[in-house]
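Novice: Sequence and predicted structure are below.
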Amino acid sequence: MQFKPTLQTVAALVLLLPTSIAAPAPNAADMATPASADIEARGECTLGVICGEVRNDRNSNSILKVTNDWGKRNSGAFKWISPGYTSATAMKDADGFFVESWCKATSGSRTWASGQWHKINDLQTVTVKIIC
């Protein structure tokens, strides 16, 4: 069973976002809370239920940019995920994440290049630690 956040749940999580972070402040429109029907319609999960997920490690010191539309990742199809939170709170299916050029992204022994988008597939749940 997949977690399906309500508008109230998403709004409560947005209120928990840190006010002091190393990355530049995101545009307020990017952090808008979508209607729950909007969340349901997003993404293209395999068989409708197997979805990609990106988690921002609780020990990260920055927010993480995550896209739910790989083809539109550079034109606003992304949300900011705070440390300790998951893309599932903002979108049904995550397709990738962006590492800012001044940050380092790791997961265990793996390191992702800075200043680039990194694609994930529907079978992946990736926990990323961001250090800026």
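Specialist: Thanks, I have the structure now.
Novice: was I right about residue 85 contacting residue 54?
Specialist: No - using C-beta atoms under 8 Å, residue 85 is not in contact with residue 54; the gap is 9.9 Å. The C-beta positions use only the backbone N, C-alpha and C, and glycine is treated the same way.
Novice: if you count what's nearby, which of those two comes out ahead?
Specialist: Comparing residue 85 with residue 54 by other C-beta atoms under 10 Å, the one with more neighbours is residue 54, at 26 against 21.
Novice: So what sits opposite the more buried one in the bridge?
Specialist: residue 126 (DSSP bridges).
Novice: got a pLDDT number for it?
Specialist: Residue 54 carries a pLDDT value of 97.
Novice: Run through the residues that contact it.
Specialist: Going by C-beta atoms under 8 Å, 6 or more residues apart in numbering, residue 54 touches 64, 66, 81, 86, 87, 94, 96, 97, 120, 125, 126, 128.
Novice: Return the closest of the residues you listed with respect to residue 44.
Specialist: residue 94 (11.3 Å; C-beta to C-beta).
Novice: residues contacting residue 99?
Specialist: Applying C-beta under 8 Å, 6+ apart, the residues contacting residue 99 are 105, 112, 113, 114, 115, 116, 118, 128, 130.
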